[in-house]
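Engineer: Just to be clear, the model below is a prediction. Sequence and coordinates:
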Amino acid sequence: MVIIRLAWRSLWRNRRRTIITVSSIALGITLALFLISMAEGMYKKLIDDAVRMNAGYVTVENKEYARAPSVDLVVPSVSAIESLALNIPAVESVKVLIVGQAMISTGSGSIGVGLIGVDPALERALSPIARTITQGRYIQEDDERGVMIGSGIAERLELEPGMKLVVTCNDSTGELVNEMLRVTGIFTTGMEEADGYLIQVPLGVARRIFSIGPDEATQVGMVLSSPDRQNEVIALLKKDLAGGNLAVLPWQEVMPDLAGFMAVDKGSNYVFQGIIIFLLSFTILNTILMSVLERNREFATLLALGTSPVLLRCQVLIETMFIGLLGCGLGLGIGGSISWYFHTYGLDLGSLFGENLTITGFAVDPVIYNYIGVDLFAWLGGLVFLLTMLIGLYPAFKSTRFSIVDVLRSR
């Protein structure tokens, strides 16, 4: 206890140096915490919007579908899979999709599109498309010939709500099908790929066009209440669906472009964070080492009086520990407060990137909400504190590596 009190008092004998060291650690942690939480918030929002627009965090589909998507590669007994999935606590909702290729035509021309059959009630609650309607209304369950189109398609084919178009495609049997539909609404997500390529129809209409059975679909997706439970849900579904011709896939395999971007961008973020911590380590080493070298005469006197070198080294390490605890605590407190503010109110980047910010074809809300998690505080604070203690080993070693006689003779 005596050495702890001595270390605490020695720490504040040079108040200015201590404050500078603690402030440097706190500033580094604050900056790192804010940037990491902002990046994680953007990633989580982007992934959540992408999976809700597509087939969820976990997708059940025919084993051959990913290699060569076709409307004849269907998932049978959809209702049984839906019931099975909804019995898993982590599953928030189940999306039944029918995805196929088609050609739509009007008097102004024709264009190739991706036709998606959806459950309108569920899409209104989940999908970003249903929240970006600029004209007309979203499709309803009883729309026998209703279709939602993107603004890019509407512009190219000069379409407005209420106007008709003809869908031409091959159904699941290979027969050529022509179907007349009426535009109920136009969406504008800000994504060129979606606005200029996708159209949505009710599930019943898609089944009629592609000649798919009433309990069949091309994909059955699961939206999860917690993305962290994705592997758990996959394991349970694989166990229950084992032996069949179905594959249970994570969103990373269904949307490889987005997953690849995440991996690359996170890697660059880790490098940037490493640079911040690396520069921070030099500040910590410099200030702690200088505090030791300036006190050589004090240490020499203590050693001459019989103080053990081990005790002096322990004192320096305890001083380092106090500096680390103060700096990490202050940095996590300030950085956490700033991150919490932007977690609650968001950071609007619209003025920098514009309103239609996209990443790998997916729209990103220009208002970014930071992500705050206990795990982030734990690993960042723990890493910096451990780094501070490791850096403190060298000054502690140097604190007794000198000639006592030479130091005491010097002025």
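Structural biologist: That came through fine.

Engineer: OK, contacts around Arg17?
Structural biologist: Residues near Arg17 by C-beta atoms under 8 Å, 6 or more residues apart in numbering: 287, 290-291. For every residue, glycine as well, the C-beta is placed using N, CA and C.

Engineer: Show me which of those residues are buried.
Structural biologist: The neighbour count (16 or more other C-beta atoms under 10 Å) marks 287, 291 as buried among the contacts of Arg17.

Engineer: wait, which of the contacts of Arg17 is closest to Tyr345?
Structural biologist: Thr287 (35.7 Å; C-beta to C-beta).

Engineer: how would you label the closest one: helix, strand or coil?
Structural biologist: Following DSSP: H, G, I helix; E, B strand; the rest coil, Thr287 is assigned to helix.

Engineer: any idea how far Ala32 is from the nearest residue in space to it that is not next to it in sequence?
Structural biologist: In space, and not counting its chain neighbours, Thr287 is closest to Thr21: 4.1 Å by C-beta to C-beta, 6 or more residues apart in numbering. Applying C-beta to C-beta, to the nearest Å, the value for Thr21 to Ala32 is 17 Å.

Engineer: Between the two, point out the one with more neighbours.
Structural biologist: Thr21 (25 against 22; other C-beta atoms under 10 Å).

Engineer: OK, contacts around the more buried one?
Structural biologist: 283-284, 287-288, 323, 327.

Engineer: Val60 now?
Structural biologist: Val60 neighbours (C-beta under 8 Å, 6+ apart): 75, 81, 219-222, 237, 241, 246-249.

Engineer: show me where the stretch 301-411 of the chain has strands.
Structural biologist: 347-348, 357-359, 362-364, 367-368 (DSSP state E, counting those that start in this stretch).

Engineer: Now pLDDT too, for the contacts of Val60, in CSV please.
Structural biologist: Formatted as CSV, the contacts of Val60 follow (pLDDT from 0 to 100):
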residue, pLDDT
Val75, 92
Ile81, 92
Gln219, 94
Val220, 94
Gly221, 92
Met222, 93
Leu237, 91
Leu241, 85
Leu246, 91
Ala247, 91
Val248, 92
Leu249, 92
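
Engineer: bridging residues for the closest residue to Leu73 other than its chain neighbours?
Structural biologist: Distances taken as C-beta to C-beta, 6+ apart place Asn62 nearest to Leu73, at 4.0 Å, with adjacent residues excluded. With DSSP bridges as the criterion, Asn62 is bridged to Leu246.

Engineer: residues near Leu126, how many?
Structural biologist: Leu126 has 23 nearby residues by other C-beta under 10 Å.

Engineer: State the distance from it to Glu92.
Structural biologist: From Leu126 across to Glu92, the span is 9 Å (C-beta to C-beta).

Engineer: so what sits against both of these two?
Structural biologist: Common neighbours of Leu126 and Glu92 (C-beta under 8 Å, 6+ apart) are Val223.

Engineer: And the residue lying closest to Glu141 once chain neighbours are set aside, how close does it get to Gly152?
Structural biologist: The shortest distance from Glu141 to any non-neighbouring residue, by C-beta to C-beta, 6+ apart, is to Pro120 (5.4 Å). Going from Pro120 to Gly152 by C-beta to C-beta gives 22 Å.

Engineer: can you check Glu82 too?
Structural biologist: Separation of Glu82 from Gly152 (C-beta to C-beta): 33 Å.

Engineer: Which other helices and strands does the one helix or strand Leu258 maps to contact?
Structural biologist: Applying DSSP states H and E as the criterion places Leu258 in helix 256-293. Packing contacts for helix 256-293, counted by 3 or more C-beta pairs under 8 Å, 6 or more residues apart in numbering; DSSP states H and E, involve helix 15-53, helix 251-254, helix 309-345, helix 374-398.
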